[in-house]
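Novice: Got a sequence here, can you build the structure:
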Amino acid sequence: WLGVFRKQFRQESTALVAGVLFALHPVQVGVSGFIGGRTDTLALVFSGSALLTLSVRDKTLKASSLISLLCFAVAVFTKEQSGFAVLLIPLLLSFTSSLTKKQCLFITIPYWGVLVFYLLVAKTVVPPSFLPRLGLSVPLHTEIIGRTLWYYAKTICGLVPNTFHQSSLGAWNPSQWGAALLGYGVLGGWIGFYVRACRKEERLRWCWWWVSLALLPCLNIVPTPSQFIAPYRVPLALPGMVGIVAFYLAERNPLSVPVKRGVLLGCILLYGGITWHEALLWRNEIPVLQTMTQVDTDFLPAHLWLGNAYQLREQHTAALQEFTTIWKRLEMSSLSPLQKRNTSKQPPMRSKVWNLCGWSYSAPRFTRWVLQGEGRSLVGLTDYTHAIPTLEVALIGDENNLETLHLLAYAYIESREYSKATTVLVEQIGNRANAMTFHLRGYLYAKQERWQAAQGALQRATTLLPPLDTKTLENNRLLLLYVQQHLQRK
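Specialist: Presented below is the predicted three-dimensional model:
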């Protein structure tokens with residue numbers, strides 16, 4: 001991005017200031033830490049590459065135009081939001097080359113062709129009728145846009161830690177018109193800044209349009225459940241904002257040099273401190289997910305993710321509480337979830353699809369995820385009496401899920417229901433057996449004192465287990481030693 005800033009400002013000092021602010025911005029932590037945000041980072045890389053290679057286009061570098069077009073195509077197919085760059089190309093060429101306006105517009109024709117091709121492909125893969133609409137009232141829709149503006153204003157400034165997730169907006173209900181009015185106030189100030197300063201300076205104008213066009217698709221103007229608000233949309237707009245700040249800190253302007261240096265040093269220290277805090281937070285996903293669930297208790301996927309995170313650290317009681325919270329939020333019936341599952345033997349559901357804070361989930365699939373997590377926690381707590389019926393229901397409609405089958409087989413073994421465990425591990429899994437299947441078979445045979453069969457299954461598991469699964473490898477090794485000792489005694 002330093003190369004882009006050099007072409008944009010034509011001064012090393014301005015480019016360096018913009019590059020430092022861009023690198024230290026706290027939003028980069030969450031975007032890099034969550035895998036869902038990495039597509040935005042890749043789109044940003046390819047968009048910047050397209051603009052950079054286009055800006056160095058001259059008679060000796062004819063291939064740069066083709067490389068630029070290819071980078072733009074990759075950026076669009078990585079994240080459709082990056083298609084806004086096609087509107088910036090004429091403006092970029094106007095102050096980085098000697099081309100006329102007609103020539104600048106002519107160069108953008110292939111880029112428009114890429115966008116048209118993308119829309120045709122997108123319409124074929126995901127028809128517009130497939131995307132459900134939220135059906136919002138006009139007042140609520142107006143409020144949502146305002147609150148979204150305020151959210152992105154906070155995030156793009158990077159001055160408020162722990163707000164870099166869409167759940168920090170809170171639930172849409174109850175109403176929060178105060179935040180919405182702040183958002184529209186920011187919009188008015190942004191437009192006023194363009195009228196006051198950007199129309200006279202082409203570099204500021206280019207940065208202003210970069211930020212505006214990058215965020216325009218993210219403002220819920222056409223709200224759909226798939227268009228949730230997240231900090232991952234900010235990196236595409238960030239170069240324009242840091243460019244504006246760098247212009248005022250490094251270019252000639254009424255601010256004195258000591259003031260500019262003080263502001264720059266303050267930004268570096270502040271951004272560096274917040275980034276360090278966020279990096280420590282993202283090293284452990286539990287505090288991040290706890291923040292999400294506390295801000296918006298109805299964001300049920302966050303409770304599911306938090307429960308799974310607790311399980312990875314073997315905090316099964318805390319995980320079980322999160323799954324119980326999900327059942328309470330869904331309000332399935334007056335019966336407890338376990339009672340309902342035991343009586344109906346069907347995954348509980350209210351409708352075919354749930355729209356959970358903008359996320360569309362198949363009701364049976366989401367229910368099975370919760371049931372599987374609940375069963376895993378119950379197994380971890382050695383509560384096999386409740387784990388078995390929970391896992392049995394989790395398998396309804398998902399009979400080939402190996403992880404659930406393994407959990408159920410282990411619960412059967414610990415409950416001494418060896419015939420049922422054999423049915424699961426041998427008949428239901430069959431030829432789809434993996435390393436864990438053979439490990440559980442060895443454990444089952446050892447419980448039945450079938451030492452020769454146990455040894456064969458455990459040796460097979462040893463050859464299939466990945467080297468990184470050190471815990472299962474060690475358990476398998478110890479169990480194999482136990483079986484071999486019994487064989488030697490025999």
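Novice: drop to CA atoms for contacts and neighbour counts, all remaining ones
Specialist: Fine.
Novice: Can you get me a residue count around residue 489?
Specialist: Residue 489 sits with 6 neighbouring residues when counted by other CA atoms under 10 Å.
Novice: State the helix or strand in which the closest residue to residue 83 other than its chain neighbours lies.
Specialist: Leaving aside its chain neighbours, residue 83 sits nearest to residue 76 (5.5 Å; criterion: CA to CA, 6 or more residues apart in numbering). Using DSSP states H and E, residue 76 maps to helix 63-78.
Novice: What ranges does the stretch 251-400 of the chain have for its helices?
Specialist: Taking DSSP state H, counting those that start in this stretch as the criterion, the stretch 251-400 of the chain contains helices spanning 257-282, 285-295, 300-312, 316-330, 337-344, 363-380, 384-394.
Novice: and residue 420, what does it touch?
Specialist: 409, 412 (CA atoms under 8 Å, 6 or more residues apart in numbering).
Novice: Just the mean pLDDT for the strand or helix carrying it, thanks.
Specialist: If you go by DSSP H and E, residue 420 is part of helix 418-422. Mean pLDDT, helix 418-422: 93.
Novice: thought residue 310 was touching residue 286?
Specialist: Yes: counting by CA atoms under 8 Å, residue 286 is a contact partner of residue 310 at 7.4 Å.
Novice: remind me which residues of the stretch 151-300 of the chain are low pLDDT?
Specialist: 159-174, 222-229, 252-255, 295-296 (pLDDT under 70).
Novice: Could you report the separation of residue 33 from residue 282?
Specialist: Look at residue 33 and residue 282: by CA to CA, to the nearest Å, they are 7 Å apart.
Novice: These two: which is more packed in?
Specialist: residue 282 (18 against 15).
Novice: Please list all residues in contact with the more buried one.
Specialist: Contacts of residue 282 (CA under 8 Å, 6+ apart): 29, 30, 33, 288.
Novice: Between the residues you listed, which sits nearest residue 152?
Specialist: Distance ranking of these against residue 152, using CA to CA, places residue 30 first at 14.4 Å.
Novice: helices and strands around the strand or helix carrying that closest one, which ones?
Specialist: Element membership of residue 30 [criterion: DSSP H and E] is helix 27-33. With contacts defined as 3 or more CA pairs under 8 Å, 6 or more residues apart in numbering; DSSP states H and E, helix 27-33 has these neighbours: helix 38-55, helix 257-282.
Novice: Any chance of JSON lines for those, columns distance to residue 405?
Specialist: Shown next, in JSON lines, are these (distance: least, CA to CA, whole Å):
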{"stretch": "helix 38-55", "distance to residue 405": "33"}
{"stretch": "helix 257-282", "distance to residue 405": "32"}
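Novice: just those: most buried one?
Specialist: Mean neighbour count (mean count of other CA atoms under 10 Å) peaks for helix 38-55 among the helices and strands packed on helix 27-33, with a mean of 22.
Novice: what does that one contact?
Specialist: 1, 3-4, 7, 31-32, 64-65, 67-72, 74-76, 78-79, 82, 85, 89, 92-93, 96-97, 232-233, 235-236.
Novice: mean confidence for that helix?
Specialist: Per-residue pLDDT over helix 38-55 has a mean of 83.
Novice: Specify the angle between it and helix 63-78 in degrees.
Specialist: 160 degrees (axes from the mean of the first three to the mean of the last three CA atoms, to 10 degrees).
Novice: ok now helix 38-55, how far from the chain's centre?
Specialist: Averaging C-alpha positions (CA atoms, centre = their mean, to the nearest Å) puts helix 38-55 20 Å from its chain's average.
Novice: one step back: I'd like the next helix or strand past the helix holding residue 420.
Specialist: helix 435-447.
Novice: Sketch out the low-pLDDT regions of the stretch 1-150 of the chain for me.
Specialist: Along the stretch 1-150 of the chain, the model assigns pLDDT under 70 to residues 1-10, 56-62, 95-96, 126-136.
Novice: Name the residues of the helix holding residue 30 that are buried.
Specialist: Counting neighbours by 16 or more other CA atoms under 10 Å, one finds that the buried residues in helix 27-33 are 27, 28, 29, 30, 31, 32.
Novice: Need the residues you listed in JSON lines (columns: distance to residue 278).
Specialist: Shown next, in JSON lines, are the buried residues of helix 27-33 (distance: CA to CA, whole Å):
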{"residue": "27", "distance to residue 278": "9"}
{"residue": "28", "distance to residue 278": "10"}
{"residue": "29", "distance to residue 278": "7"}
{"residue": "30", "distance to residue 278": "8"}
{"residue": "31", "distance to residue 278": "11"}
{"residue": "32", "distance to residue 278": "11"}
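Novice: just to revisit the earlier point, how far off centre is the helix holding residue 420?
Specialist: Distance, centroid of helix 418-422 to centroid of chain: 40 Å (CA atoms, centre = their mean).
Novice: Stretch 479-490 now?
Specialist: On CA atoms, centre = their mean, the centre of stretch 479-490 falls 48 Å from that of its chain.
Novice: follow-up on the earlier one: turn the helices of the stretch 251-400 of the chain into TSV, including distance to residue 113.
Specialist: Listed next are the helices of the stretch 251-400 of the chain as TSV, based on distance: least, CA to CA, whole Å:
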stretch	distance to residue 113
helix 257-282	39
helix 285-295	41
helix 300-312	38
helix 316-330	46
helix 337-344	53
helix 363-380	39
helix 384-394	48
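Novice: Just the buried ones among the contacts of helix 38-55, please.
Specialist: Among the contacts of helix 38-55, the ones that count as buried by 16+ other CA under 10 Å are 1, 3-4, 7, 31-32, 64-65, 68-72, 74-76, 78-79, 82, 85, 89, 92-93, 96, 232-233, 235-236.
Novice: ok, now which ones touch residue 83?
Specialist: If you count contacts by CA under 8 Å, 6+ apart, residue 83 has them with 72, 75, 76, 115.
Novice: which element is the last one on?
Specialist: Translated: residue 115. Going by DSSP H and E, residue 115 is in helix 109-125.
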